[in-house]
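Student: following is a predicted model, sequence given first.
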Amino acid sequence: MATIRLTSLRKAYEFRGQRVHAVDDVTLEAPEGKILTLLGPSGCGKTTTLRCVAGLERPDDGEIRFGDRVVFSRARGVFVPPEQRNIGMVFQSYAIWPHMTVFENVAYPLRVRRVPSDEVRRRVQAALELVGLGALADRPAPFLSGGQQQRVALARALVYEPEVLLLDEPLSNLDAKVREQVREELRVLQRQLRITTVYVTHDQIEALALSDVVAVMRDGKVLEVGTPRDLYERPRTRFVAQFLGTTNLLPGRLAAREGPHAWVETPYGRLRARADGVELEPGEGVLASVRPEHVALGSSEQPDAWQGTVVSALFEGSATKYRVDVGGFQLLAYGEAGYGLGDRVAVRFDPQKVVLLRDQGA
């Protein structure tokens, strides 16, 4: 196990005569034995960052450390090739060889390293048992399901006991039901092995469910880093609030501060929100971010509540998704079934769940 540290990492490409900064001054840490997830939209730089960690790309600048070992440093002229970094990697495509059995696929990294045959058999069987494929060692690769192929790729990455595990969108080719199952299995396995892991995904649910730490990226930069709960409940930027789940963003101006809370005047009504951690002055433009599950709907007779009209009600099983018009703004809310189109409702917000952001555009 090792802590992975990236310091001022940069990587740029020439594209149609322009220099594109795929990784732009990224400083990050994947704690020892934990999962760091790089989350962001396509083209944000997360896979390029992972490939730099793997040694598949040579950064233009910065430093990468595995524990006390420097595997890349522009200043020191150090570049350790991938085969000497002791990493296991699972790609989006799995890269399972169709002409081999499950056993042969998983044994390949050990055979390349000239591990004795008895040791190969022991370690391959142990790796297959670890991912729940102990009984399928002799099955030809073409006869595996998508979920089984993913497990084979994971066993192959783990069989030579790497120091670091790197996962690049490993579940994206699975259907929703299998993806959820394998996601849970992967989290249990990582906790059992306590192997330092860097995970790349654009899927917010995966990031929230799997990670110890999440780094949200855009345009080659890291915007925010934190635990899944902190980033979801207390984002600091508009992009993260919108990308990590669904939220309502209400524009307004800071009216007054009361310790860690503040009053905000919006075109739709006045509301109270958390303001700790954000340097704001009365009169400044702000955005009040509130998740749909934190919007409470009730009887329209409730005093001191916003008044709205239900314009959409979509039953989704565990909850009903409502859109409520409040003075021309359509507020998204999750609640119990019971309201129909055109119903007048009272809208309330828990001040502890309303987060203020600087209104700095997209």
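Tutor: That came through, no problem.

Student: helix or strand for Glu180, which one?
Tutor: In this assignment (DSSP states H and E), Glu180 forms part of helix 176-193.

Student: who's in contact with stretch 55-62?
Tutor: Contact with stretch 55-62 is made by 6-12, 23, 25-26, 48, 51-52, 71-74, 79-82, 85, 87, as judged by CB atoms under 8 Å, 6 or more residues apart in numbering. In short, each C-beta sits where N, CA and C put it, glycine included.

Student: out of those residues, which sit inside strands?
Tutor: 6-12, 23, 25-26, 71-73, 79, 87 (DSSP state E).

Student: and those, which are buried?
Tutor: Buried members of these, counted by 16 or more other CB atoms under 10 Å: Leu6, Thr7, Leu9, Arg10, Lys11, Ala12, Val23, Val26, Val71, Phe72, Ser73, Ile87.

Student: of the residues you listed, closest to Ile64?
Tutor: Nearest to Ile64 among these is Phe72, at 4.2 Å by CB to CB.

Student: mind checking how far the closest one is from Gly88?
Tutor: Applying CB to CB, to the nearest Å, the value for Phe72 to Gly88 is 18 Å.

Student: just Gln149 next, same as before
Tutor: 16 Å.

Student: the more surrounded of the two?
Tutor: Legend: neighbour count by other CB atoms under 10 Å for Gln149 and Gly88, higher for Gly88 (23 against 20).

Student: Leu158 is in contact with that one, correct?
Tutor: Yes - with contacts counted by CB atoms under 8 Å, Gly88 reaches Leu158, the gap being 5.6 Å.

Student: now do the shared contacts for the two.
Tutor: Going by CB under 8 Å, 6+ apart, residues that sit against Gly88 and also against Leu158 are Leu165.

Student: quick one: low-confidence parts of the stretch 151-300 of the chain?
Tutor: For the stretch 151-300 of the chain, the stretches flagged by pLDDT under 70 are 277.

Student: where exactly do the strands run in it?
Tutor: Under the criterion DSSP state E, counting those that start in this stretch, the stretch 151-300 of the chain carries strands at the ranges 164-168, 196-201, 213-218, 221-226, 248-258, 261-266, 269-274, 285-290, 295-299.

Student: just put the ones you listed in TSV and tack on mean neighbour count and distance to Arg19.
Tutor: TSV is the format used below for the strands of the stretch 151-300 of the chain (neighbours: other CB atoms under 10 Å; distance: least, CB to CB, whole Å):
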stretch	mean neighbour count	distance to Arg19
strand 164-168	23	24
strand 196-201	25	23
strand 213-218	24	18
strand 221-226	19	15
strand 248-258	16	33
strand 261-266	19	42
strand 269-274	19	41
strand 285-290	22	33
strand 295-299	17	44
